[in-house]
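**Q** Sequence first, then the predicted structure:
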Amino acid sequence: MTRRLIVVGGGLAGITAALTAADAGASVTLLEGRPRLGGATFSFRRDGRWLDNGQHVFLRCCTEYQWFLNRIGSADKVVLQDRLDVPVLTPWGTTGRLWRTRLPSPLHLSAALSRYPFLTLAGRARVGLAALALKRLDPEDPRLDTMTFGAWLDRFGVTARERAAMWDLVGVATINLTADQASLAVAAKVFRTGLLDTNDGADIGWSRVPLQQLHGDAAARALEDAKVDVRLRSRVSSLEALPGGGFTIGADGGTLSADAVVLAVPHEDAARLIPADALILEDRRANPTSLAGLGSSPIVNLHVVYDRPVFREEFAAGLASPVQWVFDRSDNVGLERGRYLAVSLSAADREIDLTNHQLRETFLPALEKLLPATRTARVDEFVVTKERNATFRAAPGSRRLRPHARTALPGLALAGAWTATGWPATMESAVRSGLAAAHATLPSLDLDPGRVLPTTKPGAFPERTTTP
Ligand SMILES: Cc1cc2nc3c(=O)[nH]c(=O)nc-3n(C[C@H](O)[C@H](O)[C@H](O)COP(=O)(O)OP(=O)(O)OC[C@H]3O[C@@H](n4cnc5c(N)ncnc54)[C@H](O)[C@@H]3O)c2cc1C
């Protein structure tokens, strides 16, 4: 009889685990508590237009996420820059650009660094020295997880202004913490993999359609084709290991049995559901409540619809402004009149508790300073989306709290962007964790884990030409 895998959680990690196990020959049921797939990446309709819960981007170095897009048939719904190019706007009108050439790393950034208007000559030298030192750090070295990235940058005399102009611009958006809060280990991973190990890792990609279409809806079709039994609105309330092997799952008043389980839920939910004695941290059994130490870091997005064009770029970063990143999403959501800008605020510990009125009072004037055309435009809509638990806090000490996929119970695996992938909580981390979890459960289903083979196809995406 075919043995059954139950995947709990229909975010990118759970979808990946379900598809991968099904592709390897498993009989798979996926239980998702919400009425839709896609997890932390979703869209909702408001006044006839789609809004995403938060702007999502990926980098060329996110190879498994790109495999995932191919697998669910969404590769044609994203664009990827052919070369990194980020306009950096300031309230005083000076615009800088962070871009790369085709030279090998680290020379690929030298032209941008030499022309970047927000660094002095000495500042460029300090940033360059820190970058070269960062390239030599091993993100897997546990000692790196005992200090903040900010404390390490201090060793190079990097000033607060240089930190804001270079490191936080990239780090806050990818790690969801400032340099002063983030673990050096995760910062080393991000900056090495994205900016320093190759010359093209940080080219930026984004969706041309609402996130729900890109992930959840496309995944639902792919899962159906792979014969995965998807049950939405199925919230799992208990998970029990049976003495002779296998599991019983309580969901919506009933019970289901499984030979193997992938628990692909956020860490707060996993802490409640993992059977006692199953969690392994640093090669030792650990109490599931220790996962609470991962904490959470919020992201806030502001969705502003203006009555006319206000922005010539597709996106830009803000410097010396509360606006961190701003994206023109108008074409991506099919807006017929006016322009829709999404302002993305990461590490938003302060903004998460502001009222919509306070956010409006702060951010509309800030946008007027960065984008002068907004001064004479009418604001037709101002919507706020808040994700209080957007990601775990990748602070010092978080590395030892991230479990690998394998647990102490044969047949039970963990997945989720928060597990030990080495990546910050990103879509790439979620997909990698799903692949690892499928791999870990296949032996309990009498299937060969060697059949889990992600097949990244670089260059399979429509490229967006940038002109640095
Ligand atoms: C606003 C925002 C912006 C972001 N921006 C980016 C970005 O630009 N780039 C990037 O790479 N990443 C970004 N991220 C992070 C990225 O979205 C996540 O890391 C990733 O989607 C997490 O996927 P996951 O499958 O691990 O978890 P989730 O997406 O959280 O999925 C877990 C699923 O489990 C379900 N679940 C929970 N409990 C139960 C239960 N008891 N029973 C059944 N189902 C349950 C949940 O409903 C959910 O669907 C952003 C996140 C947010 C919130």
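**A** Received, thanks. Residues are numbered from 1 along each chain as shown.
**Q** The stretch 251-400 of the chain: helices as residue ranges?
**A** Secondary structure of the stretch 251-400 of the chain (DSSP state H, counting those that start in this stretch): helices at 267-273, 356-370.
**Q** Likewise for the stretch 1-150 of the chain?
**A** With DSSP H, counting those that start in this stretch as the criterion, the stretch 1-150 of the chain has helices at 12-23, 63-71, 110-115, 121-135, 149-154.
**Q** hey, what's the closest residue to Leu242 other than its chain neighbours bridged with?
**A** Residue nearest to Leu242 in three dimensions, not counting chain neighbours: Thr248, with 6.3 Å by Cβ to Cβ, 6 or more residues apart in numbering. Bear in mind the C-beta positions are built from the backbone N, C-alpha and C, glycine included. For Thr248, the beta-bridge partners are Glu240, Ser257 (DSSP bridges).
**Q** Give me the phi and psi angles of Ser237.
**A** phi -110, psi -20 (degrees, to the nearest 10).
**Q** okay, now it: neighbour count?
**A** Burial of Ser237 is recorded as 12 neighbouring residues (other Cβ atoms under 10 Å).
**Q** Excluding chain neighbours, what is closest to Asn332?
**A** Asn332's closest residue in space is Arg208 (Cβ to Cβ, 6+ apart), at 5.3 Å.
**Q** Against the ligand, how distant is the one you found?
**A** For Arg208, the distance to the ligand equals 15 Å [Cβ to the nearest ligand atom, to the nearest Å].
**Q** how about that residue, what does it touch?
**A** Contact analysis of Arg208 by Cβ atoms under 8 Å, 6 or more residues apart in numbering lists Lys77, Val78, Val79, Asp331, Asn332.
**Q** you'd agree the third one is up against Asp203?
**A** No. Shown here, Val79 and Asp203 do not form a contact pair, counting by Cβ atoms under 8 Å, at 10.4 Å.
**Q** the more surrounded of those two?
**A** Legend: neighbour count by other Cβ under 10 Å for Val79 and Asp203, higher for Asp203 (22 against 17).
**Q** From the ligand, how far out is the more buried one?
**A** Asp203 is 14 Å from the ligand, where distance means Cβ to the nearest ligand atom.
**Q** how about that residue, phi and psi?
**A** Torsion angles at Asp203 (phi, psi; degrees, to the nearest 10) stand at phi -60, psi 140.
**Q** give the contact list for it.
**A** Asp203 touches Leu59, Arg60, Leu80, Gln81, Asp82, Arg83, Leu84, Arg100, counting by Cβ under 8 Å, 6+ apart.
**Q** burial measure for Ala408, as a count.
**A** Neighbour count for Ala408, taken as other Cβ under 10 Å: 15.
**Q** re earlier: distance of the residue nearest to Leu242 from the ligand?
**A** From Thr248 across to the ligand, the span is 15 Å (Cβ to the nearest ligand atom).
**Q** No further queries at this time; thank you.
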